[in-house]
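Q: Would you be able to build a 3D model of this:
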Amino acid sequence: MKIRTDFVTNSSSESTAEIVIDNPMLLEILQRYKNLGAFGDHTLFGIGEFVSESEVSNIKKPAFHYSEELHGDGWASVFSSPKTLAEVLGEIITIIGDSSQFNKELIAQMKEELQQKEAEIENNYAMVYWSSIQEGEDEPEVIGGKFTYDQENGEKYIGYGSTEVMIDNPILLEILQKYKDLGTFYTDPGFSIGNYPRKAEISRPSSDVILMTPDLYGGTGEDEDSYRKIDPPTSLNDVVNSILDSLVVSEETEAEDLFEKMKTEMTERRDEIMGAYKFVDWKSRELLREDIFYKDSYDGYVDESSEFVYSPLNGEDFHYIRKAGPGWDEKVEEGFIYGEKHIVNGKVLVDFGSEYEGEEEGEKDEESYE
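A: Below you'll find the model as predicted:
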C-alpha cells in the first residue's frame, strides 16, 4: 500500500473533490480511534457521518466522507483519484494526514492497524465514490478522475476531460454531422460542432470545427476488461483512427450499423479528408498516482502529457513527455523525465521510454481505417 505524506497542492482557479466510502470494517476501526480522541475536536473529514451535502444519497453511515471545494487561491488536498480498489486505503490515510491537532501516538497505532488489516478491509468495501476535478490555467484546463465501486458493477475509473481536441476539417465535419443527424451517437456524444474558442490563437479558422473531450482510458481495470489507453495521433494520418477509437472506447455509439457505415465512408473519402485539414490540436495531460502502463518506480504523481499540432504553414508536430510530478520520493526529483518522444514532420528528434510496458514496436490495438 502506497501512502502519500504531507503533500498538498496550490489551486490557482478551482478544485473540487468528494469521497464517500461504505466499508463496515473500515468504519469500525476509524470510529474506534475517533472515540479515543485520535483526531481531536475538529476534522475536515467525516467518520460515520457526512460533513456536507453529498452526491451519494443511499448511504446513511459512511466509513469516510471528505468534501473539498476551492475557488481562487487555496491548498487542495485531493487532486487525483484511485484507479483500483487496492489504492483506496492508502489515499484515505494520505487525506487523514498528521495534523498538529491529532494525537500522534493514536494516529500511528491506527495507521499500523490499517496496514495490517489492508487485505481484510479491501474485501469489505460495499461502495466507493471518489471524484476529483481541478480546473487551472494550464492546458488542458481540466484534469482529474472518478473512481467508483459497488458489489454489483465492480470497479470503474474514468479520466475527466484530460483530453482536448480541436479539428478544422470541413470534409470530416460534414461526415460526422451527417451521421450524428442520422442517430449514430447518443444524444450528447463526446464531440461537438461549434464556434472556435476565442482563446485559441489560430489565424482565422473556419467558424465550424470539431471539438472533443474524449476519455483517456477504456476498460474497468478488471481482469476481463483491463485498462486500455487511447492512443493520441502522432501524425495527420492517425487523426481519424484516434477519433474512431475515442468514440468506441467512450461508448458514444448508439447505432453500430451506422457507425460501421461512417467508418466505410471515411475510408472511401480518405484522400479528401487528408487534403482538407486546416488545423489540428490534440492535447492531453494527466497526473497518474499509480502508473499502470509504464510502471515507473516513483513515489508520487507521474505527470504525463502529449500534444499533436498540425497547420498548413508549419506541418506536423507531435510531442509526448512523461515526468516525475508532485511527489515525496526520496531518490527521484520532481521534473525527472521518464520518457519523451518528439516528431516534427515525420522526423524523430527524441524518442526514449515512450513505449508501454510489454508493447512491441508497431503494435496497434485497433485496426486502421485505411
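Q: And the helices in the stretch 151-300 of the chain?
A: Using DSSP state H, counting those that start in this stretch, the helices found in the stretch 151-300 of the chain span residues 170-181, 239-249, 256-268, 270-275.
Q: Would you mind telling me which of these is nearest E307?
A: Proximity to E307 (C-beta to C-beta) singles out helix 239-249 among the helices of the stretch 151-300 of the chain, at 12.8 Å. (C-beta placed from N, C-alpha, C; glycine too.)
Q: Could I have the CA atoms of the closest one written out in PDB?
A: Taking Å, rounded to 0.1, in the frame of the first residue of the first chain, the C-alpha atoms of helix 239-249 are listed here in PDB:
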ATOM      1  CA  VAL A 239      -6.200  11.500 -36.600                       C
ATOM      2  CA  VAL A 240      -9.300   9.700 -37.900                       C
ATOM      3  CA  ASN A 241      -8.200   6.400 -36.200                       C
ATOM      4  CA  SER A 242      -7.900   8.300 -32.900                       C
ATOM      5  CA  ILE A 243     -11.300   9.900 -33.300                       C
ATOM      6  CA  LEU A 244     -12.900   6.500 -34.000                       C
ATOM      7  CA  ASP A 245     -11.100   4.800 -31.200                       C
ATOM      8  CA  SER A 246     -12.200   7.600 -28.800                       C
ATOM      9  CA  LEU A 247     -15.800   7.200 -29.800                       C
ATOM     10  CA  VAL A 248     -15.700   3.400 -29.400                       C
ATOM     11  CA  VAL A 249     -13.900   3.400 -26.000                       C
END
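Q: Could you check the angle that helix makes with helix 170-181?
A: 20 degrees (axes from the mean of the first three to the mean of the last three C-alpha atoms, to 10 degrees).
Q: Could I get the average pLDDT for helix 239-249?
A: In this model, helix 239-249 has an average pLDDT of 85.
Q: what packs against it?
A: strand 163-168, strand 208-212, strand 217-218, helix 256-268, strand 279-288 (3 or more C-beta pairs under 8 Å, 6 or more residues apart in numbering; DSSP states H and E).
Q: Just the buried positions in it, please.
A: 239-249 (16 or more other C-beta atoms under 10 Å).
Q: got the angle between it and strand 279-288?
A: Using the same axes, to 10 degrees: helix 239-249 against strand 279-288 is 50 degrees.
Q: and the angle for helix 239-249 with strand 163-168?
A: Going by the same axes, to 10 degrees, helix 239-249 makes 130 degrees with strand 163-168.
Q: Out of the helices of the stretch 151-300 of the chain, which is closest to A17?
A: helix 239-249 (25.1 Å).
Q: okay, the angle between the closest one and helix 256-268?
A: Using the same axes, to 10 degrees, helix 239-249 lies at 170 degrees relative to helix 256-268.
Q: can the buried residues of helix 239-249 go into a markdown table with extra columns for distance to S99?
A: Shown next, in a markdown table, are the buried residues of helix 239-249 (distance: C-beta to C-beta, whole Å):
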| residue | distance to S99 |
| --- | --- |
| V239 | 49 |
| V240 | 52 |
| N241 | 50 |
| S242 | 45 |
| I243 | 47 |
| L244 | 49 |
| D245 | 45 |
| S246 | 42 |
| L247 | 46 |
| V248 | 46 |
| V249 | 41 |
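Q: Tell me how many other residues crowd K104.
A: Using other C-beta atoms under 10 Å, K104 has 11 neighbouring residues.
Q: Appreciated, that's everything.
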